[in-house]
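Trainee: Mind folding the following:
(one chain, ligands or ions: 2)
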Amino acid sequence: MSRAIKIAPSILSADFANFGAEIKAVEAEGADWIHVDVMDGHFVPNLTFGPATCAAIRPHIKTVMDVHLMIAPVDPYIDAFAEAGADVLTAHVEAGPHIHRTLQAIRANGMKAGVALNPGTPASAVTPLLEMVDLICVMTVTPGFGGQKFIHTCVQKVAELRHMLGDRDVHIEIDGGVDPSTAPLVTAAGADVLVAGSAVFRGGSVENPAPYGENIRAIRTAVAHG
Ligand code: DX5
Ligand code: ZN
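Mentor: Ligands and ions are numbered 1, 2, ... in the order given. Below you'll find the predicted structure:
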């Protein structure tokens, strides 16, 4: 597993009427993964889309389809997201009482398993799960909406998780408020996957995708110069 920094634009900030073209454009401009935010109006107060939309956009993704489930319950939908072609499927540790079984089911369905932590959840919540995950997603905003302010107290949690993981091959992903000013803080603490919605899609469009590339490069440059 490569620990090189990966930028994962969230299509939550893309044109919802044009996901296929948006994905193609942002990948051409340098995206490493595509982050797909699934919300149910119950676990989080917003609603987006489900497995049918994921299946529809899958052929347009050449990189990695990184599906972030902000739904509860999770287990009844795992098969559907596997069929939709998710490469990584991430469930929240707060989404139900049986996260252990959820992670087992995700891997049993041939996907990489991710576990996400809300800003108020301590790193220790995933201590019993370290052997069962391929990715830990540290939420640096309260999930539900794009464009929120980065919560700085979460940076310490990233460092704790990387320490807990030791030499295990597990990605640490950061989700929420990532931009050129906050990205270096979390990569220095041990994160390697950076989700960015508004900071990637701002200023650009399918007709004018160059800003997507400029925005991605601005994050990479900031990280490289720490
Ligand atoms: C928030 C989502 C994020 C969101 C990030 O609930 O999980 O993926 O799109 O958006 P920005 O980068 O704008 O904070
Ligand atoms: Zn997300």
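Trainee: any idea how far ligand 2 is from A25?
Mentor: Distance from A25 to ligand 2, counting by Cβ to the ion, to the nearest Å: 20 Å. Any C-beta I mention is one placed from the backbone N, CA and C, and that applies to glycine too.
Trainee: Ok, N18 next?
Mentor: 20 Å.
Trainee: go on, P45?
Mentor: For P45, the distance to ligand 2 - Cβ to the ion - is 15 Å.
Trainee: contacting residues around that residue?
Mentor: Each residue near P45 by Cβ atoms under 8 Å, 6 or more residues apart in numbering is listed here: G144.
Trainee: Need the phi and psi values for it.
Mentor: For P45, the backbone dihedrals are phi -80, psi 10 (criterion: degrees, to the nearest 10).
Trainee: With the one 4 residues further on instead?
Mentor: The phi/psi pair for F49 (degrees, to the nearest 10) reads phi -160, psi 170.
Trainee: what residues are up against it?
Mentor: V38.
Trainee: Next, the closest residue to ligand 2 within the chain: secondary structure please.
Mentor: Relative to ligand 2, the nearest point of the chain is H68 (3.7 Å; Cβ to the ion). Three-state call for H68 (DSSP: H, G, I helix; E, B strand; the rest coil): strand.
Trainee: from what I can see it touches A86, true?
Mentor: No: the criterion here is Cβ atoms under 8 Å, and H68 misses it with A86 at 9.9 Å.
Trainee: overlap in contacts of those two?
Mentor: Joint contacts of H68 and A86 (Cβ under 8 Å, 6+ apart) are V36.
Trainee: who does the longest helix anywhere in the chain touch, helix- and strand-wise?
Mentor: Counting by DSSP state H, the longest helix found in the chain is helix 210-224. In terms of contacts (3 or more Cβ pairs under 8 Å, 6 or more residues apart in numbering; DSSP states H and E), helix 210-224 is packed against strand 6-9, helix 19-28, helix 183-188, strand 193-196, helix 198-201.
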